[in-house]
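Undergrad: here's a sequence, model it:
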Amino acid sequence: MLEYIRGKLTEASPHKVTVEINGLGYALFIPFNNYSKLPKMGEEIRFFISTVIREDSHKRFGFLLKEERDLFEKFKDVSGIGPKTALALIGHMESHELKFAILNGNISVICKIPGIGKKTAERLIIEMRDKIQTQEKIPLTAENSKNDCSSSLIADAIGALVHLGYNAIQAQKAIQESFSKSKNTPTLAELITLALRSI
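TA: So this is what the prediction gives:
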């Protein structure tokens, strides 16, 4: 089983790259957001690998970050998702943003990803929330208790910004940053106001 490969980047598109190692070209399917982070042609690069073997295909998926690869492997095993949808999830949101959306049950944010419907988003949240929380080793401290109590506040604030016409991912970033900068837990109106000032 391949953990990662390191070689020369010889071909690249938003969805697929070729990495040459000792005269052999390895084709890798990549997340969309990895494309803009690639080096120039001919330069060395490393991809963390996930191999998906089916009866009619043998595909390798490459990720610039190990965290992305590990999330992909968890997502593709969720019922009804599979490799294609898992790659779309990784490719349209940064890993920490995606984890945040899942932990807070932000269906509207996840549904903004191409190919993701409400049922798929709900299934992802249900099956992945506990796994992500366990993986991140989030202890049951007073601070995390505060965060749990505030999750509905954050979700309501994001929903309000989306209703006002803001992009869901942009709204999530603004609300998260505004909440983290607040010394005391703000009211819903205060949080929305702070976020609007930062956009």
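
Undergrad: alpha carbons of the strand or helix carrying Arg69, in PDB - could you do that?
TA: Element membership of Arg69 [criterion: DSSP states H and E] is helix 66-75. C-alpha atoms of helix 66-75 as PDB (Å, rounded to 0.1, in the frame of the first residue of the first chain):
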ATOM      1  CA  LYS A  66      -2.000  14.000   4.800                       C
ATOM      2  CA  GLU A  67      -5.100  15.400   6.700                       C
ATOM      3  CA  GLU A  68      -6.900  15.700   3.300                       C
ATOM      4  CA  ARG A  69      -6.100  12.100   2.400                       C
ATOM      5  CA  ASP A  70      -7.200  10.800   5.800                       C
ATOM      6  CA  LEU A  71     -10.500  12.700   5.500                       C
ATOM      7  CA  PHE A  72     -11.000  11.400   2.000                       C
ATOM      8  CA  GLU A  73     -10.700   7.800   3.100                       C
ATOM      9  CA  LYS A  74     -13.200   8.400   5.900                       C
ATOM     10  CA  PHE A  75     -15.700  10.200   3.600                       C
END
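
Undergrad: that helix packs against which elements?
TA: strand 44-53, strand 58-63, helix 82-92, helix 95-103, helix 118-135 (3 or more Cβ pairs under 8 Å, 6 or more residues apart in numbering; DSSP states H and E). C-beta coordinates here come from the backbone N, C-alpha and C atoms, glycine included.

Undergrad: now do the buried residues in the longest one.
TA: So that's helix 118-135. With burial defined by 16 or more other Cβ atoms under 10 Å, the residues of helix 118-135 counted as buried are 120-121, 124-125, 127-128, 132.

Undergrad: and for the first one?
TA: If you call a residue buried by 16+ other Cβ under 10 Å, then strand 44-53 has these buried ones: 45, 47-50, 52.

Undergrad: okay, now the domains of the protein?
TA: 4-65, 139-199 (automatic domain parsing).

Undergrad: which one of those domains lies closest to His96?
TA: Nearest to His96 among these is domain 139-199; the distance by Cβ to Cβ comes to 9.6 Å.

Undergrad: and the spatially closest residue to Ala195 that is not a sequence neighbour, what element?
TA: Nearest-residue entry for Ala195: Ala174, 4.0 Å, with adjacent residues in sequence omitted and distances by Cβ to Cβ, 6 or more residues apart in numbering. For Ala174, the element it lies in under DSSP H and E is helix 168-181.

Undergrad: ok, then the element right after that helix?
TA: helix 188-198.

Undergrad: one step back: tell me the mean pLDDT for the helix holding Arg69?
TA: Taken as a whole, helix 66-75 carries a mean pLDDT of 94.

Undergrad: in it, what's buried?
TA: Buried residues in helix 66-75, defined by neighbour count with 16+ other Cβ under 10 Å: 67-69, 71-72, 74-75.
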